[in-house]
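Student: I would like to see how this sequence folds:
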Amino acid sequence: MKLVLTDYIASLKEDKELDQLIQDILREYNYEIVFSPKKGERQYGVDIYSVGKDEEDNTKKVVLVTVKMGNLDRNNWQGSNQALRPSLEEIIDVFVRNNILPEHRDLPIKIIVALNGNIDPAIQQNWVAFVENNSRFEFEIWHLEKIVNLVLDKLINENIFSAEDKVLMRKIIVFLFNPDYDFKDLHILLENVFSNINTDGSGKRNNIKQLRKVNLLFSIIVSYCEKENDLRLAMIASEIVYLRIWKFVHENESIITKEYFEVVLKGLNKRLENSFKYLKAILPVCKVKDGLSRKSMDSVNYCLIAYEVMGFIALAGLELLHMSGIYKTMDVEIARAFEVNALECAYGVIELLNNNRIVFYPRIDDQIIELNLVFLLLYEFDKKEDISAILAELCENLDIAKSACDIAPLYKRNLDKIFELDSNSKIRKDYNYNSSSLIATLVEWVVVIDDENLYNRYRELVESAFKDIELTLWFPNNETETVLYSKCALPETGYCLSNIKLSESFSDFKVLTLSDFIYNSEEIDFSFMKNEFWTIGLLASRHYRTYVFPSYWRQYFKNFSVLALKGVL
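Tutor: Residues are numbered from 1 along each chain as shown. All right, here's what the predicted structure looks like:
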């Protein structure tokens, strides 16, 4: 485990990675973080300003940390603005004189140099001389080995990180070379970590420590995914970790406080950091004609890859919008930055659709999950014309595929059956596709954008090419949240509305769906809805393949006055 940590910490960047780890260590030593790094603001050599009792002499101190990346040698000791000696001099000459808070001015000051490298013996004398010349301050260097030991002691604690856990962590890292790795070892490791949490309301400090450990383990996994050049696996791992964290929140709502939510939010930020890296790599590919077909040998795999990528991008966009909403009351500029990045995701999925036409021939019914994510993102940016164009092309191509080739989305996710049907026209001709939630959901999106002509086209599709296929729609019930964060919630929970008929009158169909929405929304009491973390449900749907709850799109239904006239309201 120590070798894994050493490798991971040595790879951290100074900004938002190494400095964040140092803050977590200080918190575990019960230091209060007065301020942490802020981009664009001059800090006079200080990256972290903290106050707390030093365990070495039991004295309350101001602890100022300057964070540097890499080794400490002659090149970065002095000679540039980013060198260590100028930073230390600026701390002493400027920061200590002008920036120490009045209530801290009588406290002794300790200056820590934190670096994720080693110290060149050649500058040892320079360091000793500098310390002796500034003897009114206490100095300490946290080099790579020291930071690793602090992490083991305070963040992981090898006494509670069992031998089994260490083996599991090593297995995870070893198997990251395999793009099809199922992360079963990560699931077990997470359960082991969460088993150390007290759910009776006691041991709050230990509980938060366990959650921080989860975030650290995730950061290590992402680091190794990057080394394997597989950001896709990092995206999947982040879903598993974040859903497990939220499962803990749901199961222990009575003990959850602001401090818990701060760690949860930090987990979301780590997930978003990984999403940014993924988006930076994948969005340019979406601009290339058939760019996502490069690693696929056939149309089925191409379709599966395109839908997965589309889901990752759309969900990232929705999570960025969620973060924008959180920050709107705290920092308008940050909120706007999140919104701009979310808009880039919206443009990204449009480019993906334009350049990878395979997505207009869905092969599995649950690919409506990704389509829902796309529609939700586009609707948030008022791109109703794009939604209409996508719905129209899906309608046309579903008709062509079924009428000409006997190909339709398979209701159950059975890849062997899909490949068999794809390669054997005789089997396809007699195959009963049974049901479709995909078409039923597409029709409801037609209601959302209020397009009567498009509704009539879908009604013709259902009455002709899909006349033998039953339209269904799955709904959650009050048991759904108990399994939502760890597996597919159906058919174990919820219920399915079957044999859905499309009324001849568009207005009548709107009345039926609107009234059903009013009286059928169990999920409004789910923990992620009550706590305004609405993207959690979408994340669970994408990862564990639970159909997106209808209320996500039904909330956009218009014309409630129609219901009033009909006597429904």
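
Student: doesn't residue 52 fall inside a strand?
Tutor: Yes - assessed by DSSP: H, G, I helix; E, B strand; the rest coil, residue 52 belongs to a strand.

Student: list the contacts of the residue nearest to it when sequence neighbours are not counted.
Tutor: If you skip the residues right next to it in sequence, residue 52 has residue 31 as its closest partner in space, 3.4 Å away by CB to CB, 6 or more residues apart in numbering. C-beta here means a position set from N, CA and C on the backbone, and glycine is covered the same way. Residues counted as contacts of residue 31 (CB atoms under 8 Å, 6 or more residues apart in numbering) are 50, 51, 52, 63.

Student: for residue 352, see how far away residue 289 is.
Tutor: Using CB to CB, to the nearest Å, residue 289 is found at 11 Å from residue 352.

Student: ok, these two, which is more surrounded?
Tutor: For residue 289 versus residue 352, the count of surrounding residues by other CB atoms under 10 Å is larger for residue 352: 24 against 9.

Student: and that one, which of the three is it?
Tutor: Following three-state DSSP, residue 352 is assigned to helix.

Student: I'd like the distance between the residue nearest to it when sequence neighbours are not counted and residue 8.
Tutor: Spatial nearest neighbour of residue 352, excluding adjacent residues (CB to CB, 6+ apart): residue 286 at 4.2 Å. According to CB to CB, residue 286 and residue 8 sit 31 Å apart.

Student: now do residue 554
Tutor: Distance from residue 554 to residue 8, by CB to CB: 44 Å.

Student: what about those two, which has more around it?
Tutor: residue 8 (24 against 18).

Student: just checking, the more buried one touches residue 225?
Tutor: No - the pair residue 8 / residue 225 is not scored as a contact, 11.6 Å apart, by CB atoms under 8 Å.

Student: about what we covered before: got the contacts of residue 31 as CSV, with distance to residue 502, neighbour count and pLDDT columns?
Tutor: Formatted as CSV, the contacts of residue 31 follow (distance: CB to CB, whole Å; neighbours: other CB atoms under 10 Å; pLDDT from 0 to 100):
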residue, distance to residue 502, neighbour count, pLDDT
50, 63, 23, 95
51, 66, 18, 96
52, 66, 16, 94
63, 67, 24, 95
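
Student: tally of neighbours for residue 513?
Tutor: For residue 513, using other CB under 10 Å, the count is 19.

Student: same check, this time on the one 3 residues further on
Tutor: Using other CB under 10 Å as the criterion, residue 516 is surrounded by 16 other residues.

Student: distance of it from residue 473?
Tutor: 9 Å.

Student: what segments of the chain are strands?
Tutor: With DSSP state E as the criterion, the chain has strands at 32-35, 48-54, 59-68, 109-115, 138-142, 435-436, 470-471, 473-475, 495-497.

Student: mind putting those strands into JSON lines with distance to residue 185?
Tutor: Output for those, formatted as JSON lines (distance: least, CB to CB, whole Å):
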{"stretch": "strand 32-35", "distance to residue 185": "33"}
{"stretch": "strand 48-54", "distance to residue 185": "34"}
{"stretch": "strand 59-68", "distance to residue 185": "32"}
{"stretch": "strand 109-115", "distance to residue 185": "31"}
{"stretch": "strand 138-142", "distance to residue 185": "31"}
{"stretch": "strand 435-436", "distance to residue 185": "35"}
{"stretch": "strand 470-471", "distance to residue 185": "40"}
{"stretch": "strand 473-475", "distance to residue 185": "31"}
{"stretch": "strand 495-497", "distance to residue 185": "34"}
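
Student: can you tell me which of these comes nearest to residue 537?
Tutor: Nearest to residue 537 among the strands of the chain is strand 473-475 (12.9 Å), distances taken as CB to CB.

Student: name the helices or strands packed onto that closest one?
Tutor: Applying 3 or more CB pairs under 8 Å, 6 or more residues apart in numbering; DSSP states H and E, we find strand 473-475 packed against helix 437-449, strand 495-497.
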